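Colleague: Quick check, what structure comes out for this input:
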Amino acid sequence: MFHVPNQYRIKTGLLKSDNNFGNNGAFKIPISEDINAIVIASDGSGWEHVSLHIIEDGKTETPVWEEMCKIKDLFWDKEDCVVQYHPPESQYVNNHENVLHLWKPINEKIPMPPSIMVGYKDKPKIIVLGAGSGIGVSVAKSIILSGKGNFNG
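Modeller: Residues are numbered from 1 along each chain as shown. The predicted model follows:
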């Protein structure tokens, strides 16, 4: 569920808003002592959306993965899936060099690949196959990827 951290809402200046704006507005979110995320949030036209850049020691920076995760968890529930799009080049828009975006369609589920296609949730046991074991590398990989092997030994 999309929600904004009102305690970080910018309430003065050009980007000011108040709680009457709902999930729309600008936010200055402390990431650490000398790092802030500047976030613009909206929930119109069928999309929940945040755009953000980082201010670190007075310099504008592009967010890193950990910063994107922190912002995602502030604006959405931990189990919500949101995406960062890489559109066709003909659709590129870049109004601010260091801004990245997170998106979630309203009332639609985002398809996700099975997690095993990304990697293992639990560290797999290492299997050492000696010469002459009768199992080829491709067969062993197939067993591991299918999850049908019993490797508790």
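
Colleague: Please name the residues that touch Leu102.
Modeller: Neighbouring residues of Leu102 by CB atoms under 8 Å, 6 or more residues apart in numbering: 49-50, 52, 68, 71-72, 75, 82-84. Any C-beta I mention is one placed from the backbone N, CA and C, and that applies to glycine too.

Colleague: ok, the residues you listed vs Asp122, which is closest?
Modeller: Proximity of these to Asp122 (CB to CB) peaks at Lys72, which lies at 23.4 Å.

Colleague: Isn't that closest one up against Gln84?
Modeller: No: the criterion here is CB atoms under 8 Å, and Lys72 misses it with Gln84 at 9.6 Å.

Colleague: Give me the more crowded residue out of these two.
Modeller: Neighbours were counted for Lys72 and for Gln84 using other CB atoms under 10 Å; Lys72 has more, 18 against 10.

Colleague: helix/strand/coil for the more buried one?
Modeller: helix (DSSP: H, G, I helix; E, B strand; the rest coil).

Colleague: can you map out the helices along this protein?
Modeller: Using DSSP state H, the helices of the chain run over 65-75, 137-146.

Colleague: By mean pLDDT, show me the worst of those helices.
Modeller: Among these, helix 137-146 has the lowest mean pLDDT, at a mean of 53.

Colleague: show me where pLDDT drops low in the protein?
Modeller: 124-153 (pLDDT under 70).

Colleague: change it to 80
Modeller: 123-153 (pLDDT under 80).

Colleague: Let me see the ranges of the strands in it.
Modeller: 25-32, 35-42, 47-56, 59-61, 100-105 (DSSP state E).
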